[in-house]
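Participant: Structure for the following, please:
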Amino acid sequence: MAEADQQFDIVFRGDIVLGHQLDAVKARLGQLFKADSNRIEALFTGRPVPLKRNLDEATAKKYQAVLTKAGAEVSLVPAGVQDTPRAAPKRGFTLAPVGASLLRLTERRQLVPVEVDTSGLSLSAPEGPLVAPAEIAPAEVAPVAVPAFDLAPVGADVLSAGERAAPVTASVKVADWELSEVGEDLLSPAEQINPLPLIVADLEAELAPAGSDLGQIPDTRKPVNPDTSKLQLAD
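Facilitator: Next up, the predicted model:
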């Protein structure tokens, strides 16, 4: 058979194109093949499934471009050649495509829908309490013993004669005090302390007349006379 007449099969292993979501790819494949969800799920078992058979190369590439755009990663296999699954790596791990389901159909847990009775539920207004007045338990008021108080007039003594304590008088011994005259010394001669004389060394010093030379060191530095003959004043 000439190479131009060679036929191809389009094989899908369940891989999706990087960047696509698995649920979105399944929905697109269902629209392309007009198949229900059970038939589409059967394509994602990991086994190679031929989607189209015996196509010429141009037609096969067109189908491949459409399926790749939908997010399904397909390969072109010569017609009549059995496509074998990909060999697993020696380390035992492979990377699943982004968004792919890691569980088989038999491993997935079937979710049982739960029916919830919402007939007794209602919506409250945005403002106000969420609990109805009939649902609020009445608060018990604790009894408070209030004695019989009276208000006394402003400025009245609030203590009775029996409640008032008698003031304690302290005995103070007052000595024989007298007042001194203004400016008089308050200490007697016997009470006064004579200050010790301060010894000051006699200094042989004289006062120089006003304006006399006190012995300053004369300034022997020569005056500086800079040459200003080449300096000019700008206008």
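
Participant: Is L32 located within a helix, as I assumed?
Facilitator: Yes: counting by DSSP: H, G, I helix; E, B strand; the rest coil, L32 is part of a helix.

Participant: all helices in the chain, in order from the N-terminus.
Facilitator: 22-33, 37-41, 57-70 (DSSP state H).

Participant: between these, which gets nearest to I136?
Facilitator: Nearest of the helices of the chain to I136, taken as C-beta to C-beta: helix 22-33 at 47.9 Å. Using the backbone N, CA and C atoms, a C-beta is placed for each residue, glycine as well.

Participant: Helix 57-70 and the closest one, what's the angle between them?
Facilitator: Relative orientation of helix 22-33 and helix 57-70, computed by axes from the mean of the first three to the mean of the last three C-alpha atoms, to 10 degrees: 140 degrees.

Participant: which other residues reach helix 22-33?
Facilitator: 16-17, 35-37, 39-41, 43-44, 51, 66-67, 70-72, 97, 99-101 (C-beta atoms under 8 Å, 6 or more residues apart in numbering).

Participant: Of those residues, grab the buried ones for ChimeraX.
Facilitator: Remark: buried members of the contacts of helix 22-33, expressed as a ChimeraX selection using 16 or more other C-beta atoms under 10 Å:
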select :16,17,40,41,43,44,51,67,70,71,72,97
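
Participant: Can I get stretch 9-21 in CSV, CA atoms only?
Facilitator: Provided in CSV are the C-alpha atoms of stretch 9-21 (Å, rounded to 0.1, in the frame of the first residue of the first chain):
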residue,chain,number,x,y,z
ASP,A,9,-7.0,5.1,13.6
ILE,A,10,-7.5,7.8,16.2
VAL,A,11,-6.8,6.3,19.7
PHE,A,12,-7.7,7.9,23.0
ARG,A,13,-6.2,6.7,26.3
GLY,A,14,-8.1,9.1,28.7
ASP,A,15,-5.4,11.8,28.8
ILE,A,16,-6.3,15.4,28.6
VAL,A,17,-4.4,18.4,27.3
LEU,A,18,-2.5,20.3,29.9
GLY,A,19,-4.4,23.3,31.1
HIS,A,20,-7.9,21.8,30.6
GLN,A,21,-10.3,20.7,33.3
